[in-house]
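>>> return a 3D structure for these sequence lines:
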Amino acid sequence: MSFLSKLLGQDSADTLSVPAMDGMFKPNTLLDGTERIADLAGADNLAAGPDGLYTSGGNTLFHIDPDVKRVEAFRTFESTVTMAATSPAGRLAVGIEGGSLELFDNGAWRRLDFPADLAACITAGLFVDEETLYLTVGSRQHRASEWKRDLMSRGSTGTLLRCSLPTGAVEALADNLAFPYGLALLDDGRLAVSESWCHRVVAAQPRRGSTEVLIGDLPAYPARLATSAKGGFWLALFAPRRQLTEFVLSEDDYRLEMMSTISPEAWIGPDFCDNGDNEQPLQAGSVRQMGIMKPWAPSRSYGLVAKLDRDMKPVASYHSRADGRMHGIASVAKYRGQVYAASRGSGTLLRIGMDDAP
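Numbering: from 1, shown residues only. Next up, the predicted model:
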């Protein structure tokens, strides 16, 4: 088949095949049965601090004590929160859509202004020490809220940055990434970067700017990463891949007309939730039969968290299927031995369980 594809002038990016959810990705309903810690509309951007969790909902950052399920508004910003990260000592970094990077340290806030093309879509952050922060910019052409347009534009203008916090200096380490959405530190000092539109996680060498595929051809769009207690990783995947979406991405005339004539909410493609709108695309078999959404329907949204080992091989997965509610998992975090996930689709903070559990 590879030979025939080359003979016909097609490469792997032209095919419409989508990997099945099988093996370690076999569907289950574990996410729908997990403990619910809090309800927050648009819950996203989880980060674990010394005294609790931080998560965002729209333009508000919340502080959560998961042990007693207490939620408090920490700060409200002028625009949507797109990233939150904490340092080992408790320093907090918050990315604001189209604005800046806000730093909280010793009870005071400090603002770092970035160039417009870098500030619009900061998607993930990772402290390697108290003075160095790595950041991913999903797109240099579109704001974070315009992620659908970036996907349908076949965008690959994402960037990996290194930011020196004392000086505010920013250095680009890797360019032309297809919506980098998550960051984690590997044992060898390289950075693991989830590249959503390419459905993979790559290893980036900060000093050389090169990348190596660690796990590819994922059945869903990967989002943020968190390290595991035993040296592995937790990966959030926010929406499923579908053949219809792959087909639309390959048909330029249709895709461009769709983008120019109808609203993004009605585009064929992935989403964080099924909002029940009668005008949304039916996505082939993703329709209600006798008033019931079937769990195997090819829905535009899904809930999925994967546990990966040190070599980025999947060892377990937690699902919320088409008929479930815990869709749009874009963030995971570890706090006091427990793993938490934020369902942006349902607006729910979930406690998955112990990090080192089998």
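>>> count of residues packed around residue 217?
For residue 217, the neighbour count with other C-beta atoms under 10 Å is 13. Any C-beta I mention is one placed from the backbone N, CA and C, and that applies to glycine too.
>>> typo on my end, residue 152
19.
>>> pretty sure it sits against residue 260.
No. If you go by C-beta atoms under 8 Å, residue 152 and residue 260 don't touch, sitting 10.7 Å apart.
>>> got the contact list for residue 323?
Residue 323 is in contact with 292-295, 297, counting by C-beta atoms under 8 Å, 6 or more residues apart in numbering.
>>> most neighbours among those residues, please name it.
Within the contacts of residue 323, most neighbours by other C-beta under 10 Å means residue 297, with 19 neighbours.
>>> could you check how far that residue is from residue 348?
Separation of residue 297 from residue 348 (C-beta to C-beta, to the nearest Å): 21 Å.
>>> picking up where we left off before, want to throw the contacts of residue 323 into CSV with distance to residue 33 and pLDDT?
Listed next are those as CSV, based on distance: C-beta to C-beta, whole Å; pLDDT from 0 to 100:
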residue, distance to residue 33, pLDDT
292, 19, 72
293, 18, 74
294, 19, 80
295, 14, 85
297, 20, 82
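>>> of these, which is the nearest to residue 336?
Relative to residue 336, the closest of the contacts of residue 323 is residue 295; by C-beta to C-beta it sits at 33.0 Å.
>>> low-confidence stretches in the stretch 1-150 of the chain?
For the stretch 1-150 of the chain, applying pLDDT under 70 flags the ranges 1-15.
>>> show me where it has helices.
Secondary structure of the stretch 1-150 of the chain (DSSP state H, counting those that start in this stretch): helices at 2-7, 116-119, 147-152.
>>> which strands and helices sit next to the last one?
Contacting helix 147-152 under the criterion 3 or more C-beta pairs under 8 Å, 6 or more residues apart in numbering; DSSP states H and E are the following elements: helix 243-250, helix 252-261.
>>> so of those, which one's packed in deepest?
The highest mean neighbour count among those, using mean count of other C-beta atoms under 10 Å, belongs to helix 243-250: a mean of 17.
>>> give me the mean pLDDT for it.
The pLDDT scores in helix 243-250 average 92.
>>> check the offset of that helix from the chain's centre.
Remark: helix 243-250 is offset 21 Å from the chain centroid, using C-alpha atoms, centre = their mean, to the nearest Å.
>>> and for stretch 179-186?
9 Å.
>>> how about the residue nearest to residue 148 when sequence neighbours are not counted, what does it touch?
Using C-beta to C-beta, 6 or more residues apart in numbering and skipping the chain neighbours, the partner closest in space to residue 148 is residue 264 (4.8 Å). Residue 264 makes contact with 146, 148-149, according to C-beta under 8 Å, 6+ apart.
>>> what's the answer for residue 344, then?
The contact partners of residue 344, taken as C-beta under 8 Å, 6+ apart, are 42-44, 238, 272-273, 327-331.
>>> which of those tops the neighbour count?
For these, neighbours tallied by other C-beta under 10 Å; top is residue 329, 35 neighbours.
>>> host element of the nearest residue to that one once chain neighbours are set aside?
Excluding the flanking residues, the one nearest residue 329 by C-beta to C-beta, 6+ apart is residue 236, at 4.6 Å. Using DSSP states H and E, residue 236 sits within strand 233-240.
>>> quick one: mean pLDDT over that strand.
The pLDDT scores in strand 233-240 average 96.
>>> residues in contact with the residue nearest to residue 329?
Residue 236 is in contact with 182, 222-225, 304-305, 329-332, 341, counting by C-beta under 8 Å, 6+ apart.
>>> what would the residues you listed look like in a markdown table with distance to residue 243, secondary structure and pLDDT?
Output for these, formatted as a markdown table (distance: C-beta to C-beta, whole Å; DSSP: H, G, I helix; E, B strand; the rest coil; pLDDT from 0 to 100):
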| residue | distance to residue 243 | secondary structure | pLDDT |
| --- | --- | --- | --- |
| 182 | 25 | strand | 96 |
| 222 | 19 | strand | 97 |
| 223 | 21 | strand | 97 |
| 224 | 26 | strand | 97 |
| 225 | 27 | strand | 97 |
| 304 | 18 | strand | 97 |
| 305 | 23 | strand | 97 |
| 329 | 22 | strand | 97 |
| 330 | 23 | strand | 96 |
| 331 | 27 | strand | 97 |
| 332 | 27 | strand | 97 |
| 341 | 27 | strand | 97 |
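>>> let's see if you can find the most crowded of the residues you listed.
Among the contacts of residue 236, the one with the most neighbours (other C-beta under 10 Å) is residue 329, at 35 neighbours.
>>> my guess is residue 37 contacts residue 349. True?
Yes. Between residue 37 and residue 349 there is a contact at 4.4 Å, judged by C-beta under 8 Å.
>>> between those two, what contacts are shared?
Common neighbours of residue 37 and residue 349 (C-beta under 8 Å, 6+ apart) are 64, 66, 340.
>>> distance of the second one from residue 50?
Read that as residue 66. Distance of residue 66 to residue 50, given as C-beta to C-beta: 13 Å.
>>> with the last one instead?
Between residue 340 and residue 50 the distance, using C-beta to C-beta, works out to 15 Å.
>>> the two: which has the busier surroundings?
Between residue 340 and residue 50, counted using other C-beta under 10 Å, residue 340 has the larger neighbour count: 25 against 10.
>>> skipping adjacent residues, who's closest to that one in space?
residue 333 (5.2 Å).
>>> my guess is the one you found meets residue 47, correct?
Yes. If you go by C-beta under 8 Å, residue 333 and residue 47 touch, sitting 6.1 Å apart.
>>> alright, calling it a day.
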